[in-house]
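predicted coordinates and the sequence they were generated for:
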Amino acid sequence: MFSRQRLDDIPGTIVFTGDRCRRGYALNQMCMSLMRAENRARFKADEPAYLDDWALTAEQRKAVLDRDYAAMLSLGGNIFYVLKLAFTDGRSTQSVAASLAGQSQEEYAAMMLAGGRPPQRPIAA
Amino acid sequence: MARITAGIGSSHVPAIGAALDNGRAGEPLWKPIFDGYAWVRQWMQDEANRPDVVVLVYNDHASNFSMDVVPTFAIGCAERFDPADEGWGPRPVPPVLGHPELAWHITESLIGEEFDLTIVNRLDVDHGLTVPLSLMFGQLSQWPVKVIPLAVNVIQYPPPSGLRCWKLGEAIARAVASFPEDLKVQVWGTGGMSHQLSGERAGLINKDWDKRFLDALSADSDWLKALSHREYIVEAGSEGIELIMWLVMRGALPARVRELNRFYHVPASNTAVGHIVLEPGR
């Protein structure tokens, strides 16, 4: 019989489960819409008006306008979707990853060149 | 009859494609990576090694599919697949030509034995598929192989288990073996190796675990088949789960395989780069 594995106790790690999908659906689809050049242009011209077309919560809307990626992820955003917003701003994946880890991009890039971050593991139950 | 002549594993880091496309492949950050694939590029020059068709197992990164529909396994049956616009314009690489006859044969064979794939007739392919082609063949005006894209969901939980991916590979091998045309077919598993893009663990790299995974491809099938989602995430990072796609490739090969070449490098942007070439053992 199926039994769900525990995935919520891995330190510093977000696993994109069904409950996150439900919470973040509109946020993620809004980000996905930025794949089209005409939508990027409309978004850049008037971000609040663009967001009016999407059923975002007030918190999600604020996180987008503030470019608070950690907040977006905690509110159901998926990393591959919110990255579309970063690309619209001309930001790289690495700069977003660095900010999510609480590091400057310079610190983060140096860490990667030195072999990356060792895995921190869950505390055994 | 068609036959599977080799299996290849490779990372598909988007920044590698960007480095190549923007003429930065010779820079110190990127040169070791392209040098690491020199062996396979040379090997592919030999017509005896170059396949007619690649079944290319990859994942779409919210480029063609969105959260509207999330297929667990999707097979591309079209004549042609265009490079996706991932937010900064499509990669300047040739269109990817499919092999609809073999793709439909695999589809019919797999669904006939209760492996229920999603059939896709229009598919734009993102870096997950085109970066491995660039690494294996370099910059060309047309790809020298036909490609059957096989997209696996590794973004929305739950993705399929590693064991299910392995069994998919076994089913693909049976399908290929029953295709009447004399074709050389390779199966490529892409993605990985250890990496994590979000959370405080972003930047995770686990060289020891990656090496164990590469070793196990020829030496320890039981360990690979038993790996759980949790183990992938803990040890290889949240995006390290992509490595389940390598098990489709491994499952398509016989129990005994011979490792022809291997390359491992840290980092490409956020990711450990891994690459392996396996052929059926004798």
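Right, received. Where do you want to start?

burial of the residue nearest to residue A:57 when sequence neighbours are not counted, as a residue count?
Using Cβ to Cβ, 6 or more residues apart in numbering or on different chains and skipping residues adjacent in sequence, the residue nearest residue A:57 is residue A:75, 7.0 Å away. To be clear about C-beta, it is placed using only N, CA and C from the backbone, and glycine gets the same treatment. Residues near residue A:75, counting by other Cβ atoms under 10 Å in any protein chain shown, number 20.

can you tell me which residues contact residue A:75?
A:23, A:24, A:27, A:57, A:59, A:60, A:63 (Cβ atoms under 8 Å, 6 or more residues apart in numbering or on different chains).

point out where chain A drops to low pLDDT.
Counting by pLDDT under 70, chain A contains low-confidence ranges at A:1, A:125.

for chain B, give me its nearest residue in it.
Per Cβ to the nearest Cβ, residue A:116 is where chain A lies closest to chain B, at 2.6 Å.

correct me if wrong: that residue contacts residue B:204.
Yes. Here residue A:116 lies in contact with residue B:204, judged by Cβ atoms under 8 Å, at a distance of 6.3 Å.

what is in contact with those two at once?
Joint contacts of residue A:116 and residue B:204 (Cβ under 8 Å, 6+ apart) are residue B:194.

compare these two (neighbour count), which wins?
Set side by side, residue A:116 and residue B:204 show more neighbours around residue B:204, with 30 against 24, by other Cβ under 10 Å.

correct me if wrong: that one contacts residue B:195.
Yes. Using Cβ under 8 Å, residue B:204 makes contact with residue B:195 at a distance of 6.7 Å.

between the two, which contacts overlap?
Joint contacts of residue B:204 and residue B:195 (Cβ under 8 Å, 6+ apart) are B:236, B:237, B:240.

check these against chain A, which are close?
residue B:237 (Cβ under 8 Å from any Cβ of the partner chain).

TSV for the shared contacts of residue B:204 and residue B:195, including neighbour count and secondary structure?
As requested, those are exported to TSV (neighbours: other Cβ atoms under 10 Å in any protein chain shown; DSSP: H, G, I helix; E, B strand; the rest coil):
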residue	neighbour count	secondary structure
B:236	26	helix
B:237	33	coil
B:240	29	helix
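
nearest to residue B:84 among the shared contacts of residue B:204 and residue B:195?
Distance ranking of the shared contacts of residue B:204 and residue B:195 against residue B:84, using Cβ to Cβ, places residue B:240 first at 23.1 Å.

distance of residue B:153 from residue A:87?
According to Cβ to Cβ, to the nearest Å, residue B:153 and residue A:87 sit 22 Å apart.

cool, and residue B:65?
Going from residue B:65 to residue A:87 by Cβ to Cβ gives 17 Å.

among these two, which residue is more densely surrounded?
Under the criterion of other Cβ under 10 Å, the comparison of residue B:65 against residue A:87 puts residue B:65 first, with 23 against 18.

shouldn't the more buried one be within a strand?
No. Going by DSSP: H, G, I helix; E, B strand; the rest coil, the assignment for residue B:65 is coil, not a strand.

enumerate every residue touching it.
B:71, B:74, B:151.

would the last one count as being in a helix?
No. Under the criterion used here (three-state DSSP), residue B:151 is strand, not part of a helix.

which residues touch it?
B:58, B:59, B:60, B:64, B:65, B:71, B:73, B:74, B:75, B:76, B:120, B:123.

check which helix or strand the residue nearest to the first one when sequence neighbours are not counted maps to.
Spelled out, it's residue B:58. Closest residue to residue B:58 apart from its sequence neighbours, by Cβ to Cβ, 6+ apart: residue B:128 at 3.8 Å. Using DSSP states H and E, residue B:128 sits in helix B:127-137.

got it, and residue A:73?
Per DSSP H and E: residue A:73 is located in helix A:69-74.

could I get that helix in CSV with only the CA atoms?
C-alpha atoms of helix A:69-74 as CSV (Å, rounded to 0.1, in the frame of the first residue of the first chain):
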residue,chain,number,x,y,z
TYR,A,69,11.8,35.4,-4.1
ALA,A,70,11.9,33.7,-0.7
ALA,A,71,8.3,35.0,0.0
MET,A,72,7.1,33.9,-3.5
LEU,A,73,8.4,30.3,-2.8
SER,A,74,6.8,30.2,0.7
